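Participant: Here is the input, now give the coordinates:
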Amino acid sequence: MPQTNNPIGVFDSGVGGLSVLRSLQEQMPGEDIIYFGDQGHVPYGARPMEEIQKFSAGITNFLLNQGSKIIVVACNTASAAALTYLREKFPKVTFVGMEPAVKPAAEATKTGKVGVLATPATFQGALYASVVERFGASVELLQSTCPGLVSQIEKGELDAKATRAILEDALLPMLERNIDTVVLGCTHYPFVIPLIQSIVGENVRVIDPAPAIARQTQRLLDVQGLRDSSEKTGGLQIFTSGDAKVVRSVILKLLNADLEVKAAFWKNDQVVGTNP
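Facilitator: Numbers count the residues shown, from 1 in each chain. A predicted model of the protein is given here:
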């Protein structure tokens, strides 16, 4: 049985889930966290659903072997493709997934026009369709997959001309149609909120889902009596299936923190080992 001092497990296809990690640390500073970035397979957005499910199950097994008491799927694409699958495969594990913040956007918009930025897999998934059906009927949703944006953020190119060009291609047509709210349907995208805001202007609201995910994680831990409410500062371990040195340099750009990153290795759809 998990204990209060067991860690929170968090995973994403890459560094995007660090936006959720950041909110988790702000919401629950005493919690230990283990983060897995699957840079060996990033981006997930255009991959088949079955492949994303295999990756997600392999990472979940790894995080459970590290003692995780709850798993945060800090990836919209993995949530769309694999969250139902994971809950069926690991029925005793509590999962927190991502869903595009269509509900708060629909409640906030004055023009009735909302822009949604997400990956193809997220838009094509049943989770997004369900959210739109439940909360999006009263608004017009303008969608863009922002091709190449995840890769730019993975490189730490937050202010590059190419990054701006991708976002302008997505957002300028939406602005012409009078959007006043933008939903970020990928955990990578909060790292370019300043760039997005510079394009859309101060009168357009940009919704980052990460704080709501952190609050939901805390709520579920409280319900199960598993939240670590001690006064200590929580520890953090970061693993990547990619190049640990490269990921460490990108994290320095994203979080302004020099953190140790450990390399992890895949074999037969399982994470089988890490470096010291």
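Participant: mean confidence score for stretch 83-96?
Facilitator: Mean pLDDT, stretch 83-96: 97.
Participant: what comes up buried for that stretch?
Facilitator: Residues of stretch 83-96 classed as buried by neighbour count (16 or more other CB atoms under 10 Å): 83-86, 93-96. To be clear about C-beta, it is placed using only N, CA and C from the backbone, and glycine gets the same treatment.
Participant: hmm, who's touching it?
Facilitator: 53, 56-57, 60, 64, 69-73, 97, 126-127, 213, 216-217, 220, 224 (CB atoms under 8 Å, 6 or more residues apart in numbering).
Participant: any idea how far it is from the chain center?
Facilitator: 17 Å (CA atoms, centre = their mean, to the nearest Å).
Participant: Okay, now it: how far is its last residue from its first?
Facilitator: Using CA to CA, to the nearest Å, the end-to-end distance of stretch 83-96 comes to 9 Å.
Participant: wait, doesn't Leu117 sit right on Gly185?
Facilitator: Yes: the pair Leu117 / Gly185 is scored as a contact, 5.9 Å apart, by CB atoms under 8 Å.
Participant: give me the number of residues near Val261?
Facilitator: When counting by other CB atoms under 10 Å, one arrives at 23 neighbours for Val261.
Participant: For the helix or strand in which Glu107 is found, name the packing helices and strands.
Facilitator: Using DSSP states H and E, Glu107 falls within helix 102-108. On a contact count with 3 or more CB pairs under 8 Å, 6 or more residues apart in numbering; DSSP states H and E, helix 102-108 meets strand 113-118, helix 126-135, strand 181-185, strand 205-207.
Participant: thinking again about what came up before, for the buried residues of stretch 83-96, give me a markdown table that also has secondary structure and distance to Gly242.
Facilitator: Shown next, in a markdown table, are the buried residues of stretch 83-96 (DSSP: H, G, I helix; E, B strand; the rest coil; distance: CB to CB, whole Å):
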| residue | secondary structure | distance to Gly242 |
| --- | --- | --- |
| Leu83 | helix | 23 |
| Thr84 | helix | 27 |
| Tyr85 | helix | 24 |
| Leu86 | helix | 22 |
| Val93 | coil | 25 |
| Thr94 | coil | 28 |
| Phe95 | strand | 24 |
| Val96 | strand | 24 |
